[in-house]
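Undergrad: next input, structure requested:
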Amino acid sequence: MSTSRSSHGLSTPVSRRAFALGGGLTFAALLAGCGGTSGGGKDSDGSSGSGDVSVMITCYPTQYLAEKIGGKHVSIINPVKPGIDPHGLELSVQQVAQMADADLVVQIEHYQNAVDDAIKAHKPKNLVNLNDFVDILPASGDEHEHEHEHEHEHEHGASDAGGDEHDHEHGEDHAHEHDDHGHEGHDHDHGGIDPHFWQDPHRMIKAAKALADSLSEIDADHAEDYAKNYEALEKELTELDEELHTKYESVKREKSFITSHTAFAYLADTYDLHQIGIAGIDPENEPSTERLLELADLVKKEKLTTVFFETSATPAVAEALASRTGAKAEELDNLETQLDAKKDYAQVMRENADKLVASWQ
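TA: Numbers count the residues shown, from 1 in each chain. I've put the predicted structure just below:
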């Protein structure tokens, strides 16, 4: 297991601008982060489960994997509380101590600065950095032209045990993802990469395999159970991927969508969609007036019916943009926290797909 480390730059102040809309509507172009409520069933210290192996995670996708792979053998520690933005998670002294004592810490490096810093300062007993096992996309640069001449050729088929046959590498050019431009502020340093890999089920398979292997090393007595749980999850996620391909490929028009911030690059990369962010990969970046006016023109030009905002973010900017253009505002769950304990990762991925497909009808 890798324990790679990185330094973090200083954040820059966020400046606020206003975007005047028709009908006298004016709003502050402030986008909230990706926070929200987590699933229930936790003790006051953020733990759940009663297994002997303690696993610390810091966002819902890794919690989902730990629950599926670890089953009854693990106790999960999740410091993300309801209403807290996982990007900007701050760890208390008690939570840092929990991290140091945990049998396994699951990290997505560059996703949460406080977590990365705590790992550097207090080396965990065992650490699995999922970035080392997943094809990570770079944080894309600005794309000023709304052109999609780049054809995305996606090889779709069943993966092997590690999901290695599902390759998403496209070099440096991700021409079907439209990212931030005209934004200011960098409160969350993602180290030049996009950490939101869970929007691709096959990348989740690779992360699951890494987690299963780590748990088997730590708890060899239950290695067979972890392997069986992984196989069941791999099957479930492969079927989910096939279902999502069918849904998205049923749409014959260009599949563009506008959302609050660019947390869906892996979804776009995997299913040949075209993400257009109001804000960039940093949820606290703010769009300029020029950017918002450009997006309003884009909605009309491309006849987009919907402006999406993330369920855990303020809808103000998206709703105002929708109001200006005659589109509707619709929620899209970024899965960073579990907003409904009755809906797991796979169900939310399906619901998001249904909403996106409906927007292109």
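
Undergrad: partners of residue 107 in the sheet?
TA: Note on residue 107: beta-bridge partners by DSSP bridges are residue 129.

Undergrad: now do residue 193
TA: Taking DSSP bridges, one finds residue 138 as the beta-bridge partners of residue 193.

Undergrad: so who does it touch?
TA: Going by CB atoms under 8 Å, 6 or more residues apart in numbering, residue 193 touches 110, 131, 136-139. (Each C-beta comes from the backbone N, C-alpha and C, glycine too.)

Undergrad: make it 7 Å
TA: The contact partners of residue 193, by CB atoms under 7 Å, 6 or more residues apart in numbering, come to 110, 136-139.

Undergrad: output the below-cut-off pLDDT ranges for the stretch 251-361 of the chain.
TA: Low-confidence segments of the stretch 251-361 of the chain (pLDDT under 70): 280-286, 311-313.

Undergrad: could I get the full set of helices for it?
TA: With DSSP state H, counting those that start in this stretch as the criterion, the stretch 251-361 of the chain has helices at 265-271, 289-301, 316-325, 345-359.

Undergrad: in the first one, what counts as buried?
TA: By neighbour count, and taking 16 or more other CB atoms under 10 Å as the criterion, the buried residues in helix 265-271 are 265-271.

Undergrad: rewinding a little: from the contacts of residue 193, which is closest to residue 289?
TA: residue 139 (23.5 Å; CB to CB).

Undergrad: now do the closest one, the pLDDT please.
TA: Among the per-residue scores, residue 139 shows a pLDDT of 88.

Undergrad: about what we covered before: which among the contacts of residue 193 end up buried?
TA: Taking 16+ other CB under 10 Å as the criterion, what is buried in the contacts of residue 193 is 110, 136-137, 139.

Undergrad: ok, longest helix in this protein?
TA: Ranked by number of residues, the top helix in the chain under DSSP state H is helix 223-249.

Undergrad: state the mean pLDDT of that helix.
TA: The average of the pLDDT scores along helix 223-249 is 98.

Undergrad: give me the angle between it and helix 345-359.
TA: With axes from the mean of the first three to the mean of the last three CA atoms, to 10 degrees defining the directions, helix 223-249 sits at 0 degrees from helix 345-359.

Undergrad: which regions of the stretch 1-150 of the chain lie under the pLDDT threshold?
TA: 1-49, 82-85, 140-150.

Undergrad: where do the strands sit along it?
TA: Assigned by DSSP state E, counting those that start in this stretch, the strands in the stretch 1-150 of the chain fall at 18-20, 26-28, 47-48, 53-56, 74-77, 104-107, 127-129, 137-138.

Undergrad: please report the distance of residue 326 from residue 78.
TA: According to CB to CB, to the nearest Å, residue 326 stands 41 Å off from residue 78.

Undergrad: quick one, which of those two is more surrounded?
TA: A count of neighbours by other CB atoms under 10 Å puts residue 78 above the other of residue 326 and residue 78, at 25 against 9.

Undergrad: tally of neighbours for the closest residue to residue 277 other than its chain neighbours?
TA: Spatial nearest neighbour of residue 277, chain neighbours left out: residue 262 (3.7 Å); criterion: CB to CB, 6 or more residues apart in numbering. When neighbours are defined as other CB under 10 Å, residue 262 has 25 of them.

Undergrad: can you check residue 252 too?
TA: The local packing of residue 252 (other CB under 10 Å) involves 7 other residues.

Undergrad: now do the contacts for residue 207.
TA: Residues in contact with residue 207 (CB under 7 Å, 6+ apart) are 65, 130, 133-134.
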